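this is the structure alone, sequence omitted:
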């Protein structure tokens, strides 16, 4: 009976080793899946970060464009106001010159 017990013991050892190998293989696979999943998560985070940065850049460009447009509109308003002031000053000067000239004419008429 020693041989069957030895054979049974050897079989048990082989079964135990096979079980340990399977457990080790499962552990290795789990580690590899975890590593691959962490890599995917990191790639996704990077993608989201890049998209966010791109959105911020687009917003900054749009704000800059809008602000430049406002500045140009303000400049145009200032120019238009200056033109209006110049025209008003010219009109006042013309009125004053006309008034002064009419006064001179009246003075010359009075002299004669």
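On my side now, so go ahead. Not measured: the values here are computed from a predicted model.

from the chain's centroid, how far away is stretch 68-81?
Relative to its chain's centre, stretch 68-81 lies at 27 Å (CA atoms, centre = their mean, to the nearest Å).

if I look at the most centrally placed residue in the chain, how far off is residue 64?
Nearest residue to the geometric centre of the chain (CA atoms, centre = their mean): residue 56, 1.0 Å. Distance of residue 56 to residue 64, given as CB to CB, to the nearest Å: 12 Å. To be clear about C-beta, it is placed using only N, CA and C from the backbone, and glycine gets the same treatment.

let me know the helix or strand that residue 53 is in.
Residue 53 belongs to helix 2-111 when elements are defined using DSSP states H and E.

tell me the mean pLDDT over that helix?
For helix 2-111, mean pLDDT is 94.

counting contacts, what elements does it pack onto?
For helix 2-111, there is no helix or strand it packs on, judged by 3 or more CB pairs under 8 Å, 6 or more residues apart in numbering; DSSP states H and E.

burial count for residue 105?
For residue 105, the neighbour count with other CB atoms under 10 Å is 10.

likewise the one 5 residues further on?
Burial measure for residue 110: 7 neighbouring residues, criterion other CB under 10 Å.

and for residue 79?
If you count neighbours by other CB under 10 Å, residue 79 ends up with 10.

any idea how far it lies from residue 85?
Distance, residue 79 to residue 85, using CB to CB: 11 Å.

try residue 23
Using CB to CB, one obtains 92 Å as the distance from residue 23 to residue 85.

repeat for residue 20
Relative to residue 85, and taking CB to CB, residue 20 is found at 96 Å.

ok, now residue 38?
From residue 38 over to residue 85 the distance is 69 Å, taken as CB to CB.

on that earlier part again, residue contacts, the residue nearest to the centre of the chain?
Contact criterion CB atoms under 8 Å, 6 or more residues apart in numbering gives no residues in contact with residue 56.
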